[in-house]
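> sequence? don't have it. structure:
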C-alpha cells in the first residue's frame, strides 16, 4: 500500500476517534445542562410548595410535577395514588438515564425529599423531549462520519487502481 494511502487511513482513524470523543463530550454537556435545568425547576417547585401547598404542575409539552410520600405514592394530580419509580431511584438529584414512569412513558426525572413535610417533590419529562437537541447532534455527526467513510473508500479505491 502506498504511503499516501496509509497516511489517509491513519488520519481517518484519528479523525474518527476525535469525532467520537467530541460527540461524547457534547452529549455529556447537554445531559449536564438538562440536569441543572431540571434541578432549577425542581427548586422553584419546592419553593412554590412551601408557599402554596401541594399541587400538580406541568412544564414543557410533557413535563409533570408531583408530590409523593415515603413509599413513592403520588399525592397530587390525576395520578394520585399511583406509585412513582422515581422515589426508589433518587432522594435528591436527577435521573438522566431514561426509565419507565407510572404512566408507562419513557422519561427522565429529578426529585427532592422534604423531611419537614414528610414528602417529596418530583418532576419528570419525556426523554424524547428532554434529549431532542441530541438528535441534531447525531445527524451532524452521522453526516460527518458518512463523508469520512466515502473519502476513505475513495482513497482506498484510488490506491487499488494505482497498484493494479
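Here it is on my side, so go on. The model shown is predicted, which means the values in this text are computed figures rather than measured ones.

> mind listing the helices in the chain by residue range?
3-52, 86-89, 127-130, 132-163 (DSSP state H).

> What helices and strands are in contact with the first one?
Translated: helix 3-52. strand 57-59, strand 63-68, strand 92-100, strand 106-114, strand 119-126, helix 132-163 (3 or more C-beta pairs under 8 Å, 6 or more residues apart in numbering; DSSP states H and E). For every residue, glycine as well, the C-beta is placed using N, CA and C.

> now the angle from that helix to strand 63-68?
Inter-element angle recorded for helix 3-52 and strand 63-68: 50 degrees (by axes from the mean of the first three to the mean of the last three C-alpha atoms, to 10 degrees).

> Helix 3-52: how far from the chain's middle?
Distance of helix 3-52 from its chain centroid, counting by C-alpha atoms, centre = their mean, to the nearest Å, is 9 Å.

> that older thread, what's the least confident stretch among the helices of the chain?
Mean pLDDT is lowest for helix 86-89 among these, at a mean of 72.
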